[in-house]
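J.: Attaching a predicted model along with its sequence, questions to come.
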Amino acid sequence: MSSPSHVAETPITDRNELVATLASGEKPQAQWRIGTEHEKFGFRLDDLRPPTFDGDRGIEALLNGLTRFGWDPVQEDGRTIALLRDNASVTLEPAGQLELSGAALETIHQTCVETGTHLNEVAQVAGELQLGFLGMGFQPKWTRDEMPWMPKGRYKIMREYMPKVGTLGLDMMTRTCTVQVNLDYATEADMVKKFRVSLALQPIATALFADSPFTEGAPNGYQSYRSHIWTDTDNDRTGMLDFVFEDGFGYERYVDYLLDVPMYFSYRDGRYHDASGQSFRDFMVGKLPVLPGQLPTLRDWSDHMTTAFPEVRLKKYLEMRGADAGPWSRLCALPAFWVGLLYDDAALDAAWDLVRDFSLVECNVLRDGVPRHGLKLPFRNGTVLDLSREALKIAVAGLKRRAARNADGQDESKFLEVLQEIVDSGLTPADRKLALFHGEWGGNIDPVFKEFAY
């Protein structure tokens, strides 16, 4: 989740300005970049509990320790709650999950170096504090009540609002971790095509990256419980966005959707004003109850865009949001998968041919069924595994044609080898952890913190 945006506080007086914000993201293909974000769970090595914010071994101590690597601290109410360096940031999710929001980079090679560097820095500081970090989609051991809360103003507002609109929103905030990639578009038509392809195939990414089969130390019956949680978090701001597939979809229709998403807050004068459930449309005419007579700014709009949580999110780029967090190899594989599908014209055409005849019913069946069944979910005359195999083949070919090579002459398709192994075996990361749980772990979840820590 985002910190307050740094967009200029220019007042908004017309809906067309909101549309123009999305259009301003258009870039020629030579300027397309890759932004990768991932979250991870912290735990104390002695008792496996998540670290609190305060204390000698707390999250703030970790953040302050990372400043030795040139990160600049960001403070809220005198507390360090984020870090900035070279157009990247380290931020906190509500229960202290640590997130790297990477810089916009040219190749997967670069984003993997960035991710590896970050993980190494975190490991150095965490080791001194006797902390570890784990990449999975859902906290495998601790209950919601056992998770700490970070002292960020927006999280206090969301914590109070979530139980009013769903039963799993607090679990989303405190017990989930994801990896996502942010990608560019050239024109409105290019955005629409990429949005439709990535939305239709988002359940495929969910299945391939499924890694959240445990709740409170026991199997929960899901491959990606993290993905399931979004089905009962807040239906006003989540889901598949069926309207994206309708004729005439574009920037204006997405703006109208966002205007109908209830607000969480407005950040003014260094503090969060609770606007939960209130209307941005009212804000546009100076009738927001919490700030009567005031008009929104571009920063308010930028913040508001971050409070919608669909499977694919449009800002000045497209965000792929369907995957569980995992180890370094899969943190590199997710951007490789989507860049292979979306950044090569022939691959994008092939991906569109793969999904263009999916009905809305089928899209939603995939979205709703994959969290429980993963690659084994039946689809048409086969399964999601068959669909994943075809999508992966397209992505590999797209990366080979991109031909972005490292110093050893390897192209980016090497980062998809971990997904090829999943497709070849038919076993997801969740399947493999379940086998360990029922086998050598003897029904005890604790070994996951040692065997799968970064």
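T.: Perfect, thanks for sending it.

J.: pLDDT below threshold where in the protein?
T.: In the predicted model of the chain, residues 1-8 satisfy pLDDT under 70.

J.: residue contacts, residue 70?
T.: Residue 70 sits next to residue 85 when contact means Cβ atoms under 8 Å, 6 or more residues apart in numbering. Where C-beta positions appear, they are placed from N, C-alpha and C, glycine not excepted.

J.: What ranges does the stretch 201-350 of the chain have for its helices?
T.: For the stretch 201-350 of the chain, the helices defined by DSSP state H, counting those that start in this stretch occupy 225-229, 251-260, 280-284, 298-305, 328-342, 345-355.

J.: As CSV, those helices with mean neighbour count and distance to residue 420 would be great.
T.: Below are these laid out as CSV (neighbours: other Cβ atoms under 10 Å; distance: least, Cβ to Cβ, whole Å):
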stretch, mean neighbour count, distance to residue 420
helix 225-229, 27, 22
helix 251-260, 18, 34
helix 280-284, 19, 44
helix 298-305, 21, 35
helix 328-342, 26, 10
helix 345-355, 17, 16
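
J.: possible to save those as CSV with distance to residue 37?
T.: Converted to CSV, the helices of the stretch 201-350 of the chain look like this (distance: least, Cβ to Cβ, whole Å):
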stretch, distance to residue 37
helix 225-229, 15
helix 251-260, 20
helix 280-284, 25
helix 298-305, 15
helix 328-342, 9
helix 345-355, 22
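
J.: Which one, of those, ends up nearest to residue 196?
T.: Residue 196 sits nearest to helix 345-355 of all these, at 7.4 Å, using Cβ to Cβ.

J.: name the helices or strands packed onto the closest one?
T.: Helix 345-355 is packed against helix 188-208, helix 328-342, helix 384-402, with contacts defined by 3 or more Cβ pairs under 8 Å, 6 or more residues apart in numbering; DSSP states H and E.

J.: mind exporting that helix as CSV, just the C-alpha atoms?
T.: Extracted in CSV, the C-alpha atoms of helix 345-355 (Å, rounded to 0.1, in the frame of the first residue of the first chain):
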residue,chain,number,x,y,z
ASP,A,345,3.7,-6.9,-30.3
ALA,A,346,3.6,-10.5,-31.6
ALA,A,347,3.2,-11.8,-28.1
LEU,A,348,0.5,-9.4,-27.2
ASP,A,349,-1.4,-10.4,-30.3
ALA,A,350,-1.0,-14.0,-29.5
ALA,A,351,-2.1,-13.5,-25.9
TRP,A,352,-5.2,-11.5,-27.1
ASP,A,353,-6.0,-14.4,-29.5
LEU,A,354,-5.8,-16.8,-26.5
VAL,A,355,-8.3,-14.8,-24.4
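
J.: hmm, who's touching the helix or strand following it?
T.: Using DSSP states H and E, the helix or strand that follows helix 345-355 in sequence is helix 360-373. Applying Cβ under 8 Å, 6+ apart, the external contacts of helix 360-373 come out as 199-200, 202-204, 206-207, 210, 221-225, 227-228, 231, 239-240, 242, 245, 311, 358, 377, 379-380, 384.

J.: before we move on, what about stretch 401-413?
T.: Stretch 401-413 is contacted by residues 106-109, 336, 339-340, 343-344, 346-347, 396, 399-400 when judged by Cβ under 8 Å, 6+ apart.

J.: and the helices and strands packed on helix 345-355, which is most packed in?
T.: Counting by mean count of other Cβ atoms under 10 Å, helix 328-342 has the highest mean neighbour count of the helices and strands packed on helix 345-355, with a mean of 26.

J.: Tell me which other helices or strands it touches.
T.: Going by 3+ Cβ pairs under 8 Å, 6+ apart, helix 328-342 lies up against strand 34-44, helix 108-128, strand 178-183, helix 188-208, strand 318-324, helix 345-355, helix 384-402, helix 417-425.

J.: returning to what we had before: want to throw the helices and strands packed on helix 345-355 into JSON lines with distance to residue 369?
T.: Below are the helices and strands packed on helix 345-355 laid out as JSON lines (distance: least, Cβ to Cβ, whole Å):
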{"stretch": "helix 188-208", "distance to residue 369": "8"}
{"stretch": "helix 328-342", "distance to residue 369": "20"}
{"stretch": "helix 384-402", "distance to residue 369": "8"}
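
J.: how about those helices, which one is nearest residue 117?
T.: Of these, nearest to residue 117 by Cβ to Cβ is helix 328-342, at 10.9 Å.

J.: what's the angle from the closest one to helix 108-128?
T.: Helix 328-342 runs at 160 degrees relative to helix 108-128, counting by axes from the mean of the first three to the mean of the last three Cα atoms, to 10 degrees.
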